[in-house]
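Chemist: this is the structure alone, sequence omitted:
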């Protein structure tokens, strides 16, 4: 709701077409690129930072991904998918990246899975042209 308010106060709008999109275009409201939306202050590069002690939550893994993944997976689906594949090479990052591509993602798909249990990480990326 905070991001929605920030975007509407900047003169923008949010739509839903399978996933929420800023100005009907971008599935993320904070990004490094996307300059046409940045010029209007609809998308910003300032990170939204949440700080907490990992020892209090004991997560098994963390998924960092570009909007190409989130176009085809909800948060809950991605967590369930990785949870089943955390013992694969790349901790499921390669599998979920390919699955997103097979589901028809039309954007670049980059996924980093950090395995907290083994204190390791893996990175996989598919660049769409």
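Modeler: Received it, and whenever you're ready, just let me know what you need. Owing to the predicted nature of the structure, the values given are computational and were not obtained by experimental measurement.
Chemist: contacts and neighbour counts: CA atoms only from here.
Modeler: Fine.
Chemist: mind giving me the domain ranges of the chain?
Modeler: According to automatic domain parsing, the chain comprises the domains 2-39, 54-126.
Chemist: out of these, which is the most enclosed?
Modeler: domain 54-126 (a mean of 16; mean count of other Cα atoms under 10 Å).
Chemist: and that one, average pLDDT?
Modeler: What domain 54-126 shows for mean pLDDT is 89.
Chemist: ok, now how distant is residue 52 from residue 59?
Modeler: Separation of residue 52 from residue 59 (Cα to Cα, to the nearest Å) stands at 12 Å.
Chemist: now do residue 41
Modeler: Counting by Cα to Cα - residue 41 and residue 59 are separated by 34 Å.
Chemist: would you list the domains of the chain in TSV and tack on distance to residue 47?
Modeler: Conversion of the domains of the chain to TSV gives the following (distance: least, Cα to Cα, whole Å):
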stretch	distance to residue 47
domain 2-39	7
domain 54-126	14
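Chemist: out of those, which is closest to residue 46?
Modeler: domain 2-39 (6.8 Å; Cα to Cα).
Chemist: part of a strand, is residue 62?
Modeler: Yes - assessed by DSSP: H, G, I helix; E, B strand; the rest coil, residue 62 belongs to a strand.
Chemist: find the nearest non-adjacent residue to it, please.
Modeler: Distances taken as Cα to Cα, 6 or more residues apart in numbering place residue 114 nearest to residue 62, at 5.1 Å, with adjacent residues excluded.
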